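Novice: Sequence and predicted structure are below.
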Amino acid sequence: TSMADGNLDLVIMKNAKGIRMLLSGPSSKAGFTTYSENDENIGIRLRTGVHLAHLSSQSILDVESILPNVSHRAFWLAGQRFTFPDFDNLDVFVDTLARRRILQRDVVVENILAGRSQVVSTERMVQRHFIKATGLSPNYILQIKRAERALVLLQKGESLARTAEEAGFSHQSHMTNSLK
């Protein structure tokens, strides 16, 4: 299963049948993934606000798709051929996507998530921009981030009350409902 995350993921999946590249759009809810138990997977999770220039984030919200292979060593992305990266050259692969302007950062989204105000736009314009860039509202992304923080704290053994406070929930029952 996967959690709601608001991030774009690229996953290299290897198994006895070959190698494939999975594009997983931002997730608005928990769900099941297309990974198989016998796959060897390498995932690239892009920061919220980093998107594929040729695709609308709203069009791939809650969508997973296998990118077409060119051969057993290469795949298509944004009309360009790429060799499947391995663990040792993932950074070079991501740098190449950015250099070719296939991956792009959205500064407005980054500023909102960092709590920096936008002085040139109305709040509604910024919200619309955020939704267009990520597929999700700023408040929804912040809820996801709080839930992720709470999960980490609970896994470390923190009490429910302390976790709720540290993760920014108004009270423990609010946190419990958010994690369902």
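Specialist: Okay, I see it. In this text, all values refer to a predicted model and were calculated from it rather than measured experimentally.
Novice: Name the helix or strand for Ala98, please.
Specialist: With elements delineated by DSSP states H and E, Ala98 resides in helix 90-99, which encompasses its position.
Novice: So His51 lies in a helix, does it not?
Specialist: No - His51 is assigned strand when assessed by DSSP: H, G, I helix; E, B strand; the rest coil, not a helix.
Novice: Compute the number of surrounding residues for the residue lying closest to Arg105 once chain neighbours are set aside.
Specialist: With C-beta to C-beta, 6 or more residues apart in numbering as the criterion, Arg105 has its nearest non-adjacent residue at 5.5 Å, and that residue is Val50. For every residue, glycine as well, the C-beta is placed using N, CA and C. In terms of burial, Val50 registers 20 neighbours under the definition other C-beta atoms under 10 Å.
Novice: any idea how far Val50 is from Asn7?
Specialist: 8 Å (C-beta to C-beta, to the nearest Å).
Novice: returning to what we had before: give the buried residues for the helix holding Ala98.
Specialist: Neighbour-count burial for helix 90-99, with 16 or more other C-beta atoms under 10 Å as criterion, is recorded at 93-94, 96-97.
Novice: Outside of it itself, list whatever touches it.
Specialist: The contact list for helix 90-99, computed with C-beta atoms under 8 Å, 6 or more residues apart in numbering, reads 42, 44, 77, 82, 85, 103-104.
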